[in-house]
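[1] Predicted model and sequence follow; I will ask about them next.
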Amino acid sequence: MVWFLSSSNNSNNNKYMPFHSVWSRRNKRGLINIIRWLVITILFILFSFLVICRLELNARLYIRQWITPSRPVQKEPLSSTCFGNLTHDTSKPPKTYTYNFVPGIPVWEEYTCYDYASLLQPLPLSSSPVMTTFHTTWSSQNSEQLTSAHLATFQSFCATQPLNSSQLILWIHPDDEDKLKTDPLWKKARNDKVRYQVYTENLTVGTPLEQQTTSTIMSDLELVKLAVLYHHGGIWFDLNTLFVRDMTPLLGHEWIAQGNCQSSMSGNPFDNTGLMHFYSKSSSICELLSGSTKPFNNNKNKIANAIFSPGSTIKARGTRGPELYQRIYHNLLRNGVKPWSTLPWCFTNPSQCKSSNSLPSPFVQANFSPLRLRQIFAFHFSSPPRKQQAPSGSIYRYLEQYQQW
């Protein structure tokens, strides 16, 4: 061991000290200073990074491969009722259309989606226009009566859709008919283009639901939606939607709207969708109805379902909503059938992307670009204002004045 002579005037016992002890004492303060400046430097770099760059996290949670090992994809047979003969077009003769509304470049970057949407404009009025029916539903279980936001939906429809080729039907449960008739806001909304209709078990006639011994259509709005589109065709939209301009350019395809721009890269593109368009007696809608009655044997998620959804009964009745749409979409592809199109996110869900290219909610006070708003077709909002609050917001007020409700 190396010893160091101390210059201290202490007793003889402290005259000699180990060298490493002296070094530690003399450099302890220097080490603390180094750590202090290192922390300051890291904080400065982090602060500069956040000032210069915008951080957007789109995190997704996935179960580990060893928990849910992948298995070969199973191809489900198509319904013989909907696709009895696949040697020809199983739906209808090919539809003539003018626009292809699926751009060949990514639509989540900058304002690509909006600029592409602006290219789709209505054609000159035809001497014999085809009637397009818009469908939606209202239930007193969701709100005791219609709200001002619902009234704005009806008013925006009347202000934007062609008078001679469009109509709106509000589908309601028989128990809600009296409430709707006496609702003061419904009295303001109804006119020659807007009416209501009561749905019954008759909607199952001629559909795959007719073969079920116990129909649940009266208590399942998802089945009501699909059955209505199968019988009548047209556009189904959630009631929390504001129409911005004429939807005619989108009628050349069957489609379901994309819920958000992130699903262009991964995930279910039909999550949070609020609008869809299908023709009457569509084979795709028929297959969706058939798929809603069949439990989906997805073995690869057996362990995950047992962990996260113990006791779940959804498989016993078949899938619903976005899960059903994605399942049938991929199954049509596996069976060599062209499925419906996916409407790009900004056409109807312009608030569901990055903060740099999304529009704010219609019911908040925020800056927005009127140009970008006029490029979209509709605004599907996920959280309508409370019943007791009068609708307000920058986009809401702009549409109110621009469309002269």
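    Nice, thanks for sending it over.

[2] hey, let's count contacts and neighbours off CA atoms from now on
    Noted.

[3] For Thr241, which non-adjacent residue is closest in space?
    With CA to CA, 6 or more residues apart in numbering as the criterion, Thr241 has its nearest non-adjacent residue at 4.4 Å, and that residue is His380.

[4] where do the strands sit along the stretch 151-300 of the chain?
    166-172, 194-198, 234-237, 241-243, 255-257, 275-278 (DSSP state E, counting those that start in this stretch).

[5] out of those, nearest to Leu31?
    strand 255-257 (60.1 Å; CA to CA).

[6] In terms of secondary structure, what does the closest one contact?
    Using 3 or more CA pairs under 8 Å, 6 or more residues apart in numbering; DSSP states H and E, the elements in contact with strand 255-257 are strand 275-278, strand 341-343, helix 345-348.

[7] Please name every helix or strand in contact with the shortest one.
    Judged by 3+ CA pairs under 8 Å, 6+ apart, the packing partners of strand 341-343 are strand 255-257.

[8] try it again with 10 Å
    strand 255-257, strand 275-278 (3 or more CA pairs under 10 Å, 6 or more residues apart in numbering; DSSP states H and E).

[9] cool, the first one as well?
    Packed against strand 275-278 by the contact rule (3+ CA pairs under 10 Å, 6+ apart) you find strand 132-137, helix 221-232, strand 234-237, strand 255-257, strand 341-343.

[10] Mind putting the ones you listed into CSV with distance to Pro174, mean pLDDT and mean neighbour count?
    Formatted as CSV, the helices and strands packed on strand 275-278 follow (distance: least, CA to CA, whole Å; pLDDT from 0 to 100; neighbours: other CA atoms under 10 Å):
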stretch, distance to Pro174, mean pLDDT, mean neighbour count
strand 132-137, 12, 97, 21
helix 221-232, 13, 95, 21
strand 234-237, 20, 97, 23
strand 255-257, 28, 96, 22
strand 341-343, 33, 93, 20
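
[11] contacting residues around Tyr396?
    Ala149, Ala152, Leu242, Ser361, Pro362, Phe363, Val364, Gln365, Tyr402 (CA atoms under 10 Å, 6 or more residues apart in numbering).

[12] Out of the residues you listed, name the ones that lie in strands.
    Counting by DSSP state E, the members of these that fall within strands are Leu242.

[13] So which of the contacts of Tyr396 wins on neighbours?
    In terms of neighbour count, Leu242 stands highest of the contacts of Tyr396 at 26 neighbours, by other CA atoms under 10 Å.

[14] Bridging across strands, which residues link to that one?
    Beta bridges link Leu242 to Phe379, judged by DSSP bridges.

[15] And it, how close does it get to Glu109?
    24 Å (CA to CA, to the nearest Å).

[16] again, but for Gln145
    Distance from Gln145 to Glu109, by CA to CA: 40 Å.

[17] In terms of neighbours, single out the busier of these two.
    Neighbours per residue, other CA under 10 Å: of Gln145 and Glu109, the larger number sits with Gln145, 20 against 13.

[18] For the more buried one, which non-adjacent residue is spatially closest?
    Closest to Gln145 by CA to CA, 6+ apart is Asp183, at 6.7 Å.

[19] same deal with Leu275?
    That would be Phe237: by CA to CA, 6+ apart, it lies 4.4 Å from Leu275.

[20] The one you found touches His380, doesn't it?
    Yes - Phe237 is in contact with His380 according to CA atoms under 10 Å; the separation is 8.6 Å.

[21] Any chance you could list residues touching both of the two?
    Common contacts of Phe237 and His380 (CA under 10 Å, 6+ apart): Thr273, Gly274, Leu275.

[22] Now flag whichever of these is closest to Thr204.
    Closest to Thr204, out of all of those and judged by CA to CA, is Leu275, at 21.7 Å.

[23] Let me know how buried that closest one is, in neighbour terms.
    25.

[24] tell me the contacts of it?
    Leu275 touches 134-136, 235-239, 241, 255-259, 343, 348-349, 378, 380, counting by CA under 10 Å, 6+ apart.
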